[in-house]
Structure formats: C-alpha cells, structure tokens
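Q: quick one, structure for this:
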Amino acid sequence: MDTNALQAFISVAQNASFSKAADQLYLTQSAISKRIALLEQQLGCRLFDRIGRTISLTEAGVTLLPRAQQVLIELDDARRALDNLAGGITGKLSLATSHHISLHRLPPLLKCFTQTYPDVELDLRFAESEVAYEGVLKGELELALITLSPNPDINIQSEVIWEDQLSYVVAPDHPLSSATSLELAQLTAYPAILPSSNTFTRQLVEALFAKHDLSLTVSMSTNYLDTIRMMVSIGLGWSLLPESLITADLTVLPVNATPVKRPLGAIVHRNRTLSNAASKLLEILRTDARQVQPDALL
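A: The predicted structure is shown next:
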C-alpha cells in the first residue's frame, strides 16, 4: 500500500476537503484525487461519500483512518530511530508552541537552536496549548511547548521547563484597586476575564475557586493573554496574568489565597522515538530552566 496515498487519505479526512488537502501537501487537487482513487481500488471499497460539495468518511473510511495514521507514525518512528544511529542532528522537527511561550519564552532559545543546528528543518506551528496537546497525542507532532495539562493522558510524557506564577490584576480605577487585603469571595462579586473554559489555565483557576466552594463570574473569554491584559487595563474586569504581562497600567491585588502557578513545559508521546534534533532542543530548554531557577539543581 502506497504511503503517499495514505497521507493523502488522512489529509482529506482531516480537512473534509480535497482542495485543502492539496494545499496542505503542496499537490494539485487532481493528484490528490488520483491517490485516493488508487487507494480505494487497492482496498476494494469507497472511502469517502461526496454529496454536493460535502466530503465525509464512509464506514470503511472511519475504520481505516486510525490505522492509516498509526502506519505513518510507525514509519516516521522507524526513520528517526535509523537517523539517530548515524548521530547527526538533521532532518525535520515538527514542533508546536503556544502563543504565550512563542512570544515570551522561546525566541532566544530557538535562535540558539537554529544557529547551533542549521541542518534541522523546523516545522514550527503556533497553536493553543490544548490543540498542540492533541497533535502530540495523535502523533502529528513530535514535540510541543505548552501550558501543561493538570490531568495528562497516560500516553503523554510531560516535563516542566518554566513556571508562571499568576497574579490577580485590575485596572488602576477598578473598585478593588485600592484594597489592602482581599479574599477570593470578594472577587466573585466582580466580572472576570479569563481564557476559555476548555483551556488548561482556566481549569487551574476554576479548581482553586471550586476548592473554596466559589463560582466565578466570567464576563469575557479569549485564549490570548495579551488581549486579556488589554481588556483588564481598560477596566472591563479582573484576571490572573503572569509577571511577564504585568505592566504599569495594571494593579496587582493583594489576595489572600494559595498562589496559582501555571506549569509550562514540553510534552512528547511516550511511545515515540525522539529524533536527535528534538533531544538537543530539550537539552537547550533544560539548560535555560536551570539558569532561571538555580534551585532546581539542588
């Protein structure tokens, strides 16, 4: 069975579109159609229903999809294992990073990596932590740098690289800005601006309030912390933000509660062989973590 045909099949299934699959694989739509037709001929069954402009998997397609994905994952794993034997730091490294990490943590480290290992082809994607997490879990990504899940899947191996301590913040003219001491319950009387409910960061915050039998009043949600910072700064509500985003137009509130600490780090699939390139990037990240947090050596 042709692996190129399997790759085309997976791309069409994920995009529900032949044209989008063609764009993703840098092929013509005609080439994609030929590969799918070849695969359907080899298997003796139709893999997609085409009704008007709608593309959907047949029962046979649904059955094949996870198996096709596993075949390609195992082939990639075999290639990496063989490449690793040669000892070279080359090849493709598929990496995803959250927007916050890509802006506030990664640039100098990525610069160091690309200058040290220029023969590595970086396939770098910017995604929400939860999306990148699924990419690693499904085998689509070798490595992701994200906010770590508070409840990781058994197949995910995670490593804390940095830690964000989140502070409660409001605009200087917010009713709570002049308080000298606050309890969590007092915050619930005012609207909060937080990441979406499906994010790992939101889960950490909700867990703290639930521990005290408190419900949050969330007026707005966005997964971009820089946008949250802006909305808080103009008085639309309170939030929790990492130190790197706290500027002069925000007031930090003195809240009597256990600090919310957000672990940031790297995740890989437990059953995946890491490339030499991925291992070297992890070494650079760990070195940075030790320099920022020297106590980690103790």
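Q: quickly note the distance from the closest residue to residue 254 other than its chain neighbours to residue 130.
A: Counting by Cβ to Cβ, 6 or more residues apart in numbering, residue 254 lies nearest to residue 181, which is 5.5 Å off, once chain neighbours are set aside. (Glycine included, C-beta is placed from N, CA and C.) Between residue 181 and residue 130 the computed distance is 35 Å (Cβ to Cβ, to the nearest Å).
Q: which of those two has more residues huddled nearby?
A: Neighbours were counted for residue 181 and for residue 130 using other Cβ atoms under 10 Å; residue 130 has more, 20 against 9.
Q: thought the more buried one was touching residue 202?
A: No - no contact is recorded between residue 130 and residue 202 when judged using Cβ atoms under 8 Å, the distance being 10.2 Å.
Q: the chain: strands as residue ranges?
A: Counting by DSSP state E, residue ranges of the strands within the chain are 48-51, 54-57, 91-97, 120-126, 143-147, 156-170, 192-194, 218-221, 239-242, 251-252, 260-269.
Q: surely residue 99 is in contact with residue 131?
A: No - the pair formed by residue 99 and residue 131 falls short of the contact definition of Cβ under 8 Å, at 10.8 Å.
Q: per-domain residue ranges of the chain.
A: 3-80, 92-158+266-297, 163-262 (automatic domain parsing).
Q: what sits against residue 247?
A: By Cβ atoms under 8 Å, 6 or more residues apart in numbering, the contact set of residue 247 is 229, 233.
Q: may I have the phi/psi pair for it?
A: In this entry, residue 247 is assigned phi and psi values of phi -120, psi 180 (degrees, to the nearest 10).
Q: distance of it from residue 66?
A: Taking Cβ to Cβ as the measure, residue 247 and residue 66 are separated by 46 Å.
Q: could you report the neighbour count for the closest residue to residue 267 other than its chain neighbours?
A: Among residues not flanking residue 267 along the chain, residue 158 sits closest, at 4.7 Å (Cβ to Cβ, 6+ apart). Counted with other Cβ under 10 Å, residues neighbouring residue 158 total 18.
Q: just checking, residue 158 touches residue 266?
A: Yes - between residue 158 and residue 266 a contact is recorded at 7.1 Å, counting by Cβ under 8 Å.
Q: buried residues of stretch 59-77, list them for me.
A: 61, 64-65, 68-69, 71, 73, 76-77 (16 or more other Cβ atoms under 10 Å).
Q: swap in stretch 18-30?
A: So stretch 18-30, judged by 16+ other Cβ under 10 Å, has buried residues 18, 20-22, 24-25, 27.
Q: go on, stretch 39-54?
A: The neighbour-count criterion (16+ other Cβ under 10 Å) identifies 39-40, 47-48 as the buried residues of stretch 39-54.
Q: now that stretch: mean pLDDT?
A: Average pLDDT, stretch 39-54: 89.
Q: what does that stretch contact?
A: In this structure, residues lying in contact with stretch 39-54 by Cβ under 8 Å, 6+ apart are 1-2, 5-6, 8-9, 12-13, 16, 36, 55-58, 60-61, 64.
Q: and stretch 64-80, by the same measure?
A: 1, 3, 6-7, 9-10, 13, 43, 47, 57, 91, 138-139, 272-275.
Q: which of those are buried?
A: Neighbour counting over these (16+ other Cβ under 10 Å) leaves 6-7, 9-10, 13, 47, 57, 91, 139, 272-275 as the buried ones.
Q: out of those residues, list just those in helices.
A: Applying DSSP state H to the buried ones among the contacts of stretch 64-80, the entries found in helices are 6-7, 9-10, 13.
Q: what's the closest of those to residue 162?
A: Ranking these by separation from residue 162, with Cβ to Cβ as the measure, puts residue 10 on top at 33.6 Å.
Q: separation between the closest one and residue 289?
A: Counting by Cβ to Cβ, the gap between residue 10 and residue 289 amounts to 35 Å.
Q: okay, the buried residues of stretch 59-77 in CSV with pLDDT and distance to residue 223 next?
A: Putting the buried residues of stretch 59-77 into CSV (pLDDT from 0 to 100; distance: Cβ to Cβ, whole Å) gives the following:
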residue, pLDDT, distance to residue 223
61, 91, 32
64, 93, 33
65, 91, 28
68, 89, 31
69, 85, 26
71, 87, 33
73, 81, 28
76, 80, 29
77, 76, 31
